[in-house]
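Peer 1: dropping a prediction and its sequence here:
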Amino acid sequence: MLLLFLSCVVFLIDQAVKFGIVHSLYEGEVISVVSQFFDITYIRNTGGAWGLFQNATGLLFLASLIFLGAFFVYLRKHPPKKKLEVICYSLLIGGILGNAFDRLVHQYVIDYLSFTIFDYHFPIFNFADMAIVGGLILMLVDMIGSEIYERRNQKR
């Protein structure tokens, strides 16, 4: 139940921020937050991360549904045992749902976070993207930590 609740929270935060962006900025508008580092830039992304699969909204939406379906089948057989797993899975599910909802309703994803780091202009992204990447990083950290813990206990 906590997994569903947290997934909904992530989804609702994502959609609330996107609603604010769409109703506060015009497409392409840039608001500098930290000069030459961080801007709010409203764009409509018809592709995936790093501009891959441009104009493949339907394919990306279908891929999201397939992944979520497979993930829910996995969760039925292997429910999360730790709170960290619940958090990881909630971030992933909420983020994927946020971007999938955009693709279904708008035919594009609303992106707005723009960073320039050491003269590299990072691709513009959104809260859902951060949730997905954050969930994957936490999952990886948990897997590595669990592996280290198991190996230490086997040596005893």
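Peer 2: Done, it's in. Numbering: from 1, shown residues only.
Peer 1: make it CA atoms for all contacts and neighbour counts henceforth
Peer 2: Will do.
Peer 1: where does pLDDT dip in this structure?
Peer 2: 156 (pLDDT under 70).
Peer 1: first-to-last residue distance for stretch 23-30?
Peer 2: 14 Å (Cα to Cα, to the nearest Å).
Peer 1: which parts of it are buried?
Peer 2: L25 (16 or more other Cα atoms under 10 Å).
Peer 1: now the biggest helix by length in the chain, how far from the centre of its chain.
Peer 2: Counting by DSSP state H, the longest helix found in the chain is helix 127-154. Distance, stretch centre to chain centre, for helix 127-154: 16 Å (Cα atoms, centre = their mean, to the nearest Å).
Peer 1: check stretch 121-135 too.
Peer 2: On Cα atoms, centre = their mean, the centre of stretch 121-135 falls 6 Å from that of its chain.
Peer 1: start and end of that stretch, how far apart?
Peer 2: 24 Å.
Peer 1: got the buried residues for that stretch?
Peer 2: Within stretch 121-135, the residues that qualify as buried are I124, F125, N126, F127, A128, D129, M130, A131, I132, V133, G134, G135, counting by 16+ other Cα under 10 Å.
Peer 1: so which elements touch the longest helix of the chain?
Peer 2: Counting by 3 or more Cα pairs under 8 Å, 6 or more residues apart in numbering; DSSP states H and E, the packing neighbours recorded for helix 127-154 are helix 2-24, helix 83-106.
Peer 1: buried sites along the helix or strand that the first one is followed by?
Peer 2: Same thing as helix 2-24. Per DSSP states H and E, the first helix or strand lying C-terminal to helix 2-24 is strand 30-34. Buried residues in strand 30-34, defined by neighbour count with 16+ other Cα under 10 Å: none.
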